[in-house]
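**Student:** please work out how this folds:
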Amino acid sequence: MTSILLILLLVITVTGMFQELSDLQNLHRFLEGLQGSSSLAVKSRSRRELICGRRLSKTVTNLCVEMNPQKEEDIATKCCKNKGCSREYIKSIMCPDE
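**Tutor:** Okay, here's the model as predicted:
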């Protein structure tokens, strides 16, 4: 009688382990699917940030070795008050030769 109970306990334990293994495999597949999904992917987009005052002058100084503006354009107004401007825009106006 004792041996039957031990075998029954062993069968229940092994069955439970296989069930947990199956659950882990399903969870792993689910997580792999999420990892590959585009909903969690980081979207790359150019940010238009407002660059004003000292930050604008530091940005110009960092971008340009020698300032040689070809156009008379007010980048402070465009970069600070409007929708912002990119570093490429600042470089094209303030140091187009670089």
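
**Student:** list the contacts for residue 68?
**Tutor:** 94, 95, 96, 97 (CB atoms under 8 Å, 6 or more residues apart in numbering). No exception for glycine: its C-beta is placed from N, CA and C like everyone else's.

**Student:** okay, domains of this structure per the record?
**Tutor:** 1-43, 53-94 (automatic domain parsing).

**Student:** dump those into JSON lines; add mean pLDDT as well.
**Tutor:** Output for the domains of the chain, formatted as JSON lines (pLDDT from 0 to 100):
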{"stretch": "domain 1-43", "mean pLDDT": "68"}
{"stretch": "domain 53-94", "mean pLDDT": "84"}
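
**Student:** just flag the most distant two among the contacts of residue 68.
**Tutor:** The distance between the two most remote of those (CB to CB) is 10.3 Å, for 94 and 97.

**Student:** before we move on, the earlier item: buried ones only from the contacts of residue 68, please, as a PyMOL command.
**Tutor:** The PyMOL selection below is limited to those of these classed as buried (16 or more other CB atoms under 10 Å):
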select buried, resi 94+95
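
**Student:** of the contacts of residue 68, which is the nearest to residue 87?
**Tutor:** Using CB to CB, the contacts of residue 68 come closest to residue 87 at residue 94, 10.5 Å.

**Student:** was I right about the closest one contacting residue 66?
**Tutor:** No - using CB atoms under 8 Å, residue 94 is not in contact with residue 66; the gap is 9.8 Å.

**Student:** do you know how far the residue lying farthest from the centre of the chain is from residue 92?
**Tutor:** Most distant from the centre of the chain: residue 1, at 62.4 Å, with distances by CA atoms, centre = their mean. Using CB to CB, to the nearest Å, one gets 90 Å for the distance from residue 1 to residue 92.

**Student:** do residue 73 as well
**Tutor:** Distance from residue 73 to residue 92, by CB to CB: 10 Å.
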